[in-house]
Every structure is written in structure tokens, then in C-alpha cells.
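A.B. asks: pasting the structure only:
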């Protein structure tokens, strides 16, 4: 679940500030919270200053030093990059910490997006705070284990030959070895539990007794683990597109493969629906057959020397996260098949899948966190057996996903066990889940709803996307706004406490109908892919 690739609507870059001023002392307006131990005297203080982003003049940046090893608070320090949009309303409800997922997702720009996408009357009551988690982006040290690991053209992801299997295994092993050599002292401290302790350091540094938190994707697991460690420091908790904590992380990835195959087939059916536009056939199975024929052709001769079979999969994976990308993917597909024109396909690869230095950093943190968070099979024969079994049902991205996670079979640091996030000590939490989400299938939302006593689950019925609030669905956003305003949550008698209809599918780019909401495309650019 990692941020990966260039996006159509890039967010403005922000620059981290420096350390040294007194934290704000404003108190959130909320009922009396349990008395907590005071923050340590050594708690770092923040010097907020303008990020210097012209189109976000209110966005401020700072940096915070935290221990590399929280068990040794006086030991080596690392730096977290923070961003903030300050509250402007007289009623102040405290910090709202936001996270885009990953692991490895850069979070600085999400503060500006969240503050602008929420109703002004709501966001004005919070200091909306983004952060690059340890190892990520502008936080230091920022990991980059093996630059160019995703340079095209990679071996075919489907290991039909011994040579392909051997080449992919060597790539995975080499990445793990490179990470171990470069960051031997850091890797034992790049994981969810350490990131959660960093979050509590942010809470202390801004002078808040309790934290409001809003996380997407992997950020939902991050939030649930924070709530497990610090239940009495949670004020409000929003989890959107919820990770299944009972499958962290090996089983979750196998489950993803099945769901992404369904979404890919939904794209094929959508293209068939618009046969007059794309001329790829009106039968979804015919369209799908042409897609796999395209894949086979690219395995023999990569388009533009850049898009082979594995890169084609990378290019279409984002369509499983957000159907607003479907028209662009369909046009590239049609141009290649109908006109032997590889240009649009290469362009789509560059827009959606090409990995730059930021992507290398994100993947390095992704592997570091996932490999450290939980145990993975050490015997590659187990991986091979499981993935061939899933591939038989879901060929679209099973092996692509397997190699993406394969460094965990060779990871140089010991794994922790996953956290049992079951919790009966929280105020009501609010969960959002689409029924057809591929990256975090519906069962994750239902599971966490059952594990967090008193939580409420809002379901987007028929929803296909990953990251569904602040993405154009007014029904979902109404529940979010009510919760952030006064803590109100819906209460229902079934599995879901409230149900919202899904947004309509996109239409071809030449249609006069609006293709995507501005918020939707911007949000999914910030969340990235594999995240």
C-alpha cells in the first residue's frame, strides 16, 4: 500500500521549517478529558513559519525532533517534517492530524487539502496538521534503499519461466540487502508502533491533551494502533478506507489481489459499454482478452522501450484505486490496439506509474514498515504456492503485487507481531468504507467497526474507489462534517450505521458530462497508489 507515481493533479510542494518556539497553548473545546501524565520536560517545541507556497499562503511548516528509539529518549534524534493550517474560528477544537496512508505516503500537502476541502466552518475550528512520517519525504533521514529499483523494463511479473522467477527473486533479495546495508541502525525503528509514538510526540509538541485524527488507507491502521496505545488521548477518530488489521500484512495483500482483479474487470466492462468511443468490443470478455493480448505483445516488445508487461500492470493498477482515471487508461489502450500507437500508453505510464526519487523513498518506507510490522513467510515456496493459487482466480496483479512485497521474505530486521486494535475505551469513532474498494476491501471496515466498540460505519453502497470522503460525495461528507463539528455519529441497526449511494461512473473524455470532481482527482493524487 505505497504512494507510487506521478499524478495528474500534483499538489504544491511544501518546505519544512525549523525548531525552537513555544507551542500554542490554546485548549480545545470539548468535555473534560481524563487526566494524563504531563508531557516530558524535554518535549520539543515548534517554530511554525510560512511554507512559502504561493497558492497556500496560510500553510505553515515546522520540524520536530523525536528519538530514533523511543525506548532511549536521550539517544539519537531524527526529524519529522510538519505542516499546518491554523484555526480561525473562536471555537477551537484542537489539532486534527491527517495521514494519507502508504506506508510511505507523504503527508505535508494533505493538511492544505483537508483544510480547503472541508466546509470552512468546520476546518476553521481545527489546526489541520500534516506530517511526513519517519523516513518519509522531508523528514530526516529519508530512506532510499536502492535508487532506480523500478527502472523500466523489469522482468515479466508472471514467472512462467525459471529465468523470470530467478530475475524477480534477485531483484527482491537485492533490495532487501541494499536496505540492510544502508540503514542497519534505522530499520529496526521504521514501523507502525514507532510512527504512532511520533504522533503522540506531535500531540505533546502542539500542547494538546487529546488528538483528533483523520487517516486514509494504511493511515486507518496507524490511527487504530494509536488509539490502542493511547486510548485516553483520542478525541475524535476518522478512518476512511479501512485496513483489515487481522490480515497484516501478508494475507491482506493476497485479499487485495482478488479485489483488484474485480476492479480491472469492471474497467473492461466500462470500456465495452462505450464501444462506440473505444472500438475495443461491446463484450467485456472480448475487451479483457484484448488487454491480455496487449500485455503479451508488450512482454515481447516494450512500448517506447519503457512499457513492458510489468509496467503495463503498474499503469493500470491506479484504475483500481480511482475510476476517474478510467477514461485516460481506456484511450491509451485503444490507441495501442486500434492504431498501433504506443505514445498514449507511454504517456499514461509516465503519469501513473513511473517511479521517481520520491517514489523510491515511498517504496523504501513501505517495505521497511510492512516487513517489520508482522511476520512474513521465510520459505519462498510458500509464497510461490499461495500466489499461483490466487493467480488462477485473479491474474491481473497477483504476481505484480507479490514481487512488490517480496523483499519481506529476505528482510534484514526481525519482525514484530501485528497489533490487536480491539478497543473499548474510545469515544465514538467514525469509519467510512466503499463496498467495492479494492485496496482495502469491505471486510476491513466491517472488522474494525466490530473491534472498536461504539464506532459507527458509513458505507458507500456500490462505491468503487479507495479514499471516499472529501472526494465529491456530499452524503459521505455530510456525516464527516457533523462528526467533526460536534461529535455526532449515525446509529443504525444493521452492519452499517448509514448508507450513502455511490457517485456515478465517469464518462469518456469527449463527453460533455463532467468527468471527475476537482476534489476527487486532487485527493487521489495525494493518496497515491499502493496506498
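C.D. replies: All right, it came through fine. Bear in mind that the values here come from a model prediction, so they are computed numbers and not experimental data.
A.B. asks: Backbone dihedrals for the closest residue to residue 210 other than its chain neighbours, please?
C.D. replies: Closest residue in space to residue 210, ignoring its immediate chain neighbours: residue 235 at 3.9 Å, by C-beta to C-beta, 6 or more residues apart in numbering. Placement of C-beta: from N, CA and C, glycine included. Here is the backbone geometry of residue 235 (degrees, to the nearest 10): phi -100, psi -50.
A.B. asks: From what I see, residue 235 and residue 211 are in contact.
C.D. replies: Yes. Between residue 235 and residue 211 a contact is recorded at 6.3 Å, counting by C-beta atoms under 8 Å.
A.B. asks: Which neighbours do those two have in common?
C.D. replies: residue 94 (C-beta atoms under 8 Å, 6 or more residues apart in numbering).
A.B. asks: Distance check, the residue nearest to residue 210 against residue 221.
C.D. replies: Per C-beta to C-beta, to the nearest Å, residue 235 is found 19 Å from residue 221.
A.B. asks: who's more crowded, the two?
C.D. replies: Applying other C-beta atoms under 10 Å to residue 235 and residue 221 shows that residue 221 carries more neighbours, namely 31 against 23.
A.B. asks: and that one, what element?
C.D. replies: Using DSSP states H and E, residue 221 sits within helix 218-229.
A.B. asks: how about that helix: buried residues?
C.D. replies: 218-228 (16 or more other C-beta atoms under 10 Å).
A.B. asks: Can you tell me which of those is closest to residue 301?
C.D. replies: Taking C-beta to C-beta as the measure, residue 301 sits nearest to residue 218 out of those, at 36.4 Å.
A.B. asks: For the closest one, which non-adjacent residue is spatially closest?
C.D. replies: Distance criterion C-beta to C-beta, 6+ apart; nearest residue to residue 218, sequence neighbours excluded, is residue 101 at 4.2 Å.
A.B. asks: Tell me, how many residues neighbour the one you found?
C.D. replies: Neighbourhood size, residue 101 [other C-beta under 10 Å]: 31.
A.B. asks: do residue 488 as well
C.D. replies: Counted by other C-beta under 10 Å, the residues lying close to residue 488 total 14.
A.B. asks: The nearest residue to it once chain neighbours are set aside: which element?
C.D. replies: Sequence neighbours aside, residue 482 is the residue nearest to residue 488 in space, at 4.5 Å (criterion: C-beta to C-beta, 6+ apart). Using DSSP H and E, residue 482 sits in helix 474-486.
A.B. asks: what does residue 338 give?
C.D. replies: Residue 338 belongs to helix 326-339, assigned by DSSP H and E.
A.B. asks: so residue 67 makes contact with residue 76?
C.D. replies: Yes. Contact criterion C-beta under 8 Å: residue 67 and residue 76 qualify, at 7.2 Å.
A.B. asks: So for these two, which sits in the more crowded spot?
C.D. replies: Counted by other C-beta under 10 Å, residue 67 and residue 76 do not tie: residue 67 has more neighbours, with 19 against 11.
A.B. asks: From residue 429, how far out is that one?
C.D. replies: Following C-beta to C-beta, the distance that separates residue 67 from residue 429 is 29 Å.
A.B. asks: for residue 155, same thing?
C.D. replies: Residue 155 is 43 Å from residue 429, by C-beta to C-beta.
A.B. asks: Looking at the two, which one has more neighbours?
C.D. replies: Using other C-beta under 10 Å as the criterion, residue 155 and residue 429 rank with residue 429 on top: 25 against 21.
A.B. asks: confidence score at residue 494?
C.D. replies: In this model, residue 494 is scored at 86, pLDDT.
A.B. asks: What is the burial count for it?
C.D. replies: Residue 494 has 8 nearby residues by other C-beta under 10 Å.
A.B. asks: how near is it to residue 275?
C.D. replies: Taking C-beta to C-beta, one finds residue 494 at 39 Å from residue 275.
A.B. asks: which residues touch residue 183?
C.D. replies: By C-beta under 8 Å, 6+ apart, the contact list for residue 183 reads 141, 143, 145, 190, 368.
A.B. asks: Selecting buried members of the residues you listed in ChimeraX, what would you type?
C.D. replies: Filtering the contacts of residue 183 down to the buried ones (16+ other C-beta under 10 Å) takes a single ChimeraX command:
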select :143,145,190,368
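A.B. asks: can you give me the helices for the stretch 351-500 of the chain?
C.D. replies: 357-373, 380-391, 398-405, 442-451, 474-486 (DSSP state H, counting those that start in this stretch).
A.B. asks: Could you check the second one and say which residues are buried?
C.D. replies: The neighbour-count check on helix 380-391 (16+ other C-beta under 10 Å) flags 383, 386-387, 390-391 as buried.
A.B. asks: what would those look like in CSV with distance to residue 257 and pLDDT?
C.D. replies: Shown next, in CSV, are those (distance: C-beta to C-beta, whole Å; pLDDT from 0 to 100):
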residue, distance to residue 257, pLDDT
383, 13, 98
386, 10, 98
387, 8, 98
390, 5, 98
391, 8, 98
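A.B. asks: out of those, who's nearest residue 464?
C.D. replies: residue 390 (20.9 Å).
A.B. asks: Tell me the one among the buried residues of helix 380-391 nearest to residue 412.
C.D. replies: Using C-beta to C-beta, residue 383 is the member of these that lies nearest residue 412, at 17.8 Å.
A.B. asks: For that closest one, which non-adjacent residue is closest in space?
C.D. replies: Nearest residue to residue 383 in three dimensions, chain neighbours excluded: residue 377, at 5.7 Å (C-beta to C-beta, 6+ apart).
A.B. asks: That neighbour contacts residue 410, doesn't it?
C.D. replies: No. Residue 377 is not in contact with residue 410 according to C-beta under 8 Å; the separation is 11.3 Å.
A.B. asks: Strands along the stretch 51-200 of the chain, start to end?
C.D. replies: Here the stretch 51-200 of the chain has its strands, by DSSP state E, counting those that start in this stretch, at 59-67, 77-85, 95-99, 127-132.
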